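# structure for this input, please:
(2 chains)
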Amino acid sequence: MDIWFDLAKEIDALTASAAVEMEEFDESFAPDTRMADPRFGDYQVNGVLPYAKSNRTNPRALAEKLVARLRGAGIDPEYLELTIAGPGFINFTFTPRFLTDWLKRYASGEALREAASALRGGRRTVVDFPSANTAKQPHIGHLRPMVIGESVARLLEFCGAQTVRDNHLGDWGTNFGTLIMKIKQDGIRLEDLGADALPLLDRLYKEGSQLERDNPELRDISRAELVKLQNSDPENTAIWQTIVDISKKAFERIFAEMDVRTDVTLGESFYRDKVQRVYDELIEIGLAEESDGALVVWHDEVPRFSRDNERPNPFNIRKKDGASNYASTDLATVLYRLDEFQAEEIIYLTDSRQRDHFQQLFLTTRKWFEKTGRPLPDLHHVWWGAILGPDKKPFKTKSGEAVQLRELLDEARSRAFAVVTEKSPGLPESERRAIAESVGISAVKYADLSSNRTQDYVFSWERLLSFDGNTAPYLLYAVARIHSIFSKLDGGKDGTDEAAASPVETETEIALARKLIGFVSVLKQAASDLRPHFICTYLFELAGTFSSFYNADRVLVDDAPTRARRLMLCRRTLLILETGLRLLGITPLKRM
RNA sequence: GCACCUAUAGUUCAAUGGAUAGAACACCGGCCUCCGGAGCCGGCGAUCUGGGUUCGACUCCCGGUGGGUGCACCA
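I've put the predicted structure just below:
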């Protein structure tokens, strides 16, 4: 029997093929393999229960037969034990020998990555994030797209996807009309602004919008400025370009601090000459039609997008003044990603408020590509809930403004510095600063990742910087602690040979080994649901399982095989913890 | 008004239709001459409400209640 990597998949396949050869089963049988409660085993096959029910046979007896067949079908009893429980659950438990061999087989980051790369084997995937805005200072609303997007991209890449990380910059919207109007009205010379340009632009836009609310006739001026921009008017284009450059620089600084990487930045403006083709095609195939002067797509089969609604909500792909909007550019973007990147999958990361937009985008794209004979990439919208303050309302400053990202990160650093100084007063200040930098940013990221993204979560400095509980500091500490075990051994070398390690033996060793091999299933789940919190939950549990082991079983003992296997468990825990943290976009520390 | 999301211990979060609903914080009680005490072990304590489907429901369906969000020319 091989040392399987994807254990659930192998068990599922083995069970299915055993059943195929039995007259008691037909094709409708699905093993339904899943991770089991450790009390019962490592994996469980539950599919016998519903199958027996629909075929009116005794599930327990059926399970007995299936297990007998499996025992004769290549399952090595030295590696894997099968038992039946209750009404017909089949439990699979890997033996200490298998656990130990698995740990020896998947011994490095490279080995894990290589094995995992089969999960998405080269799939060409565009990850659309973090889609920053222009003319706006980075604020807390930009946190989740960066943090969740980076982690999702890393998860996919670890699983072997070939990704293009595309920062789909919001650089072509109606807001430029307002902004240009205000800039001209105030006679502002952007080239004189220097370093404080972005906060000023942010303010100008807010003031401009307010002016429009007070004087509706200004909206026509703004609209005219936007149309001029879209028609390549040199003056407006120059203003626009300056604004975009200022914004990009500010965001690039934040990306660097947050360790967010994108491959390309193809903003909405990039598609300005590509929307006409979309209009033409959608009109030609009869998908788009005029409504109140705008060009729209109705999806009558979905009640809330249908034309006979009380409050109609069509997919508006061209405004009545002829200008494009984000629906136009998003459609052009899908086509570009298909033509240029041969995208097989596109993943969009935005907050929950854009769910309707993406649903309409996906419906429209599907009909459009079907009619024109194009392959349809898998389209996914990865969305999330809001960050709430202690009062359970959206997290804001005391004056009701959005919290600036710069201020948030600075506060994370200074709070982390205070904590690190309290815990490790002996370290030199420069090192405490460096640790605080990492702990602070990691803590903010981890808080954002550790709960199910579709839920709102409550932001609390105290909790996210705590060294107890499911937090970044706790996990970073667990990593540092294991590093220290090895740094004490002969200058970092443990002087033992893993091949000499005997099979895991004590209850706590076995529990830890089983937890470690469970990483693969968790990785798969996180990558297929695009939910990083599965990784967080797992790492936190792993750290706890390790603590129990480390407390119960002394590592540095004289007996060589025992010492070797316990050191191997330490090394592998470290490997999985560090691998997992990196998948979250967090760089582990060696000392803290 | 219509639609979507959501409701789990005192609090913050888990739980691909599976076995006794898990953690952490807080609270209470134990352990250890402890390889980093930023430790280990245990206790207390919860599925908003009413129906339904299912061998099996926190999970799926229907009706309430509370909270959030969205409803074309903003992105």
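# from here on, just use CA atoms for contacts and neighbour counts.
OK.
# so what's the residue in the stretch 101-250 of chain A that RNA strand B sits nearest to up against?
In the stretch 101-250 of chain A, the residue that lies nearest RNA strand B is A:Gly173 (2.9 Å; C-alpha to the nearest atom of the strand). Contacts for A:Gly173 (C-alpha atoms under 8 Å, 6 or more residues apart in numbering) come out as A:325-326.
# so A:Arg453: helix, strand or coil?
The three-state assignment at A:Arg453 reads coil, by DSSP: H, G, I helix; E, B strand; the rest coil.
# contact partners for it?
A:383-385, A:531, A:533.
# show me where pLDDT drops low in the stretch 1-150 of chain A?
Within the stretch 1-150 of chain A, no stretch has pLDDT under 70.
# for it, which segments count as helices?
A:7-20, A:48-54, A:59-71, A:96-105, A:109-116, A:143-158 (DSSP state H, counting those that start in this stretch).
# now stretch A:275-290, how far from the chain's geometric center?
Relative to the chain's own centre, stretch A:275-290 is displaced by 34 Å; criterion: C-alpha atoms, centre = their mean, to the nearest Å.
# what mean pLDDT does it get?
Averaging pLDDT along stretch A:275-290 yields 97.
# can you tell me what sits against that stretch?
A:295-298, A:317, A:324, A:328-329, A:331-332, A:367-368, A:371.
# what residue is smack in the middle of chain A?
Centroid-nearest residue in chain A, with C-alpha atoms, centre = their mean: A:Val152, separated by 2.6 Å.
# that one: what's it in contact with?
A:Val152 touches A:527, A:530-532, counting by C-alpha under 8 Å, 6+ apart.
# and with 10 Å instead?
Contacts for A:Val152 (C-alpha atoms under 10 Å, 6 or more residues apart in numbering) come out as A:127, A:129, A:146, A:158, A:347, A:349, A:382, A:526-527, A:529-532, A:583-585.
# from those, keep the buried residues only.
By neighbour count, with 16 or more other C-alpha atoms under 10 Å, these hold A:127, A:129, A:146, A:158, A:347, A:349, A:382, A:526-527, A:530-532, A:583-585 as buried.
# how is chain A carved up into domains?
A:7-94, A:127-384, A:440-583 (automatic domain parsing).
# return the residues of the stretch 451-592 of chain A in contact with RNA strand B.
A:451-459, A:467-470, A:473-474, A:477, A:480-485, A:534, A:537, A:541, A:544, A:547-548, A:550-556, A:590-592 (C-alpha under 7 Å from any atom of the strand).
# in the stretch 351-500 of chain A, what spans have low per-residue confidence?
For the stretch 351-500 of chain A, the ranges with pLDDT under 70 are A:490-496.
# where along it do the helices fall?
A:355-371, A:405-423, A:429-449, A:461-464, A:472-487.
# which residues touch the second one?
Right, the one you point to is helix A:405-423. Residues contacting helix A:405-423 (C-alpha under 10 Å, 6+ apart): A:137-143, A:254, A:257-258, A:425, A:427-429, A:431-444, A:461-462, A:464-467, A:473, A:592.
# try 6 Å
For helix A:405-423, the surrounding residues in contact (C-alpha atoms under 6 Å, 6 or more residues apart in numbering) are A:138-140, A:436-437, A:440.
# cool, and the third one?
Where contact means C-alpha under 6 Å, 6+ apart, the residues beyond helix A:429-449 that reach it are A:147, A:412-413, A:416-417, A:464, A:472, A:533, A:586.
# likewise for the fourth one?
Applying C-alpha under 6 Å, 6+ apart, the contact partners of helix A:461-464 are A:443, A:447, A:471.
# just the buried members of those?
Of the contacts of helix A:461-464, these count as buried by 16+ other C-alpha under 10 Å: A:443, A:447, A:471.
# all strands for chain A, in order.
A:33-35, A:43-45, A:80-85, A:89-94, A:124-128, A:162-166, A:288-291, A:294-297, A:315-318, A:345-351, A:378-384, A:387-388, A:457-458 (DSSP state E).
# nearest to A:Arg571, of those strands?
strand A:89-94 (20.7 Å; C-alpha to C-alpha).
# specify the angle between that closest one and strand A:80-85 in degrees.
On the basis of axes from the mean of the first three to the mean of the last three C-alpha atoms, to 10 degrees, strand A:89-94 is oriented at 160 degrees to strand A:80-85.
# tell me which strands and helices strand A:89-94 is in contact with?
strand A:43-45, strand A:80-85 (3 or more C-alpha pairs under 6 Å, 6 or more residues apart in numbering; DSSP states H and E).
# comparing those strands, which comes out most buried?
The highest mean neighbour count among these, using mean count of other C-alpha atoms under 10 Å, belongs to strand A:43-45: a mean of 24.
# who does that strand pair up with?
strand A:33-35 (antiparallel), strand A:89-94 (antiparallel) (DSSP bridges).
# just to revisit the earlier point, can you check the pLDDT for the residue of the stretch 101-250 of chain A closest to RNA strand B?
On the pLDDT scale, A:Gly173 gets 81.
# please compute how far stretch A:510-524 lies from its chain's middle.
Distance, centroid of stretch A:510-524 to centroid of chain: 20 Å (C-alpha atoms, centre = their mean).
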